[in-house]
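In: Output the structure for:
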Amino acid sequence: MRSYSLGIDVGTSGVRAAVIDENANVLAFASTRFTALGGDPCAPATWRRALEATLRRLGIDCDLTRIAALAVDGTSGTMIAIDGDGEPIGPARMYDEPCDDPAVLARIEANAPPGSAALGSTSALARVLLMQDRPGVAKVIHQADWLTGILSGRFDRTDENNALKTG
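Out: Numbering: from 1, shown residues only. Take a look at the predicted model:
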């Protein structure tokens with residue numbers, strides 16, 4: 001039995017996903033706009049509902065039990081604090097949401113090398129430092145890593161791009 005790959009993109013307006021076979025033939029494509037769900041496009045619950053709706057649509061056109069590989073892409077630098085079970089703690093901080101805490105920015109500047117992606121008020125690291133002390137937080141991860149965790153049951157993986165952007 002041939003296996004499939006699933007690619008998921010979470011953007012600012014919704015979730016898009018495609019299933020391809022081993023020859024890169026697109027077997028199914030589906031998308032769900034956040035506005036169709038009536039939820040806040042910056043809320044993790046909305047992302048999850050859009051992901052679930054998109055996967056249900058994909059499952060109509062192909063057998064999702066044949067998925068052997070997964071790739072998830074999210075809005076780069078969007079961070080979410082989670083508890084030990086992967087559940088969100090408080091609101092996410094979006095990729096374009098600046099840090100307005102001078103102490104956090106000074107702390108990063110004192111430790112990050114020149115030119116690092118960790119520098120600046122809109123760095124992912126600044127968002128992590130703002131969120132890490134929320135009560136009940138086990139870790140702060142990227143949006144794509146959280147959605148991958150929902151699908152895999154593991155919230156301990158990231159990719160090189162997300163790791164580098166965090167600094």
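
In: so where do the helices sit in the chain?
Out: Taking DSSP state H, the helices of the chain run over residues 34-37, 44-61, 102-111, 124-131, 143-152, 160-166.

In: Measure how the longest one sits relative to helix 143-152, angle-wise.
Out: Taking axes from the mean of the first three to the mean of the last three C-alpha atoms, to 10 degrees, one finds helix 44-61 and helix 143-152 inclined to each other by 50 degrees.

In: now helix 44-61, how far from the centre of its chain.
Out: 14 Å (C-alpha atoms, centre = their mean, to the nearest Å).

In: How about stretch 158-166?
Out: 11 Å.

In: Give me whichever of the helices of the chain is most buried.
Out: Counting by mean count of other C-beta atoms under 10 Å, helix 124-131 has the highest mean neighbour count of the helices of the chain, with a mean of 23. Bear in mind the C-beta positions are built from the backbone N, C-alpha and C, glycine included.

In: Of the helices of the chain, which is nearest Asn25?
Out: Closest to Asn25 of the helices of the chain, according to C-beta to C-beta: helix 44-61, at 12.7 Å.

In: tell me what that closest one is packed against?
Out: strand 4-10, strand 14-20, strand 26-33, helix 34-37, helix 143-152 (3 or more C-beta pairs under 8 Å, 6 or more residues apart in numbering; DSSP states H and E).

In: Okay, Asp9 and Asp21: tell me how far apart.
Out: 19 Å (C-beta to C-beta, to the nearest Å).

In: Compare neighbour counts for the two and give me the winner.
Out: Asp9 (17 against 14; other C-beta atoms under 10 Å).

In: Does that one touch Val15 like I think?
Out: Yes. Using C-beta atoms under 8 Å, Asp9 is in contact with Val15, at 7.2 Å.
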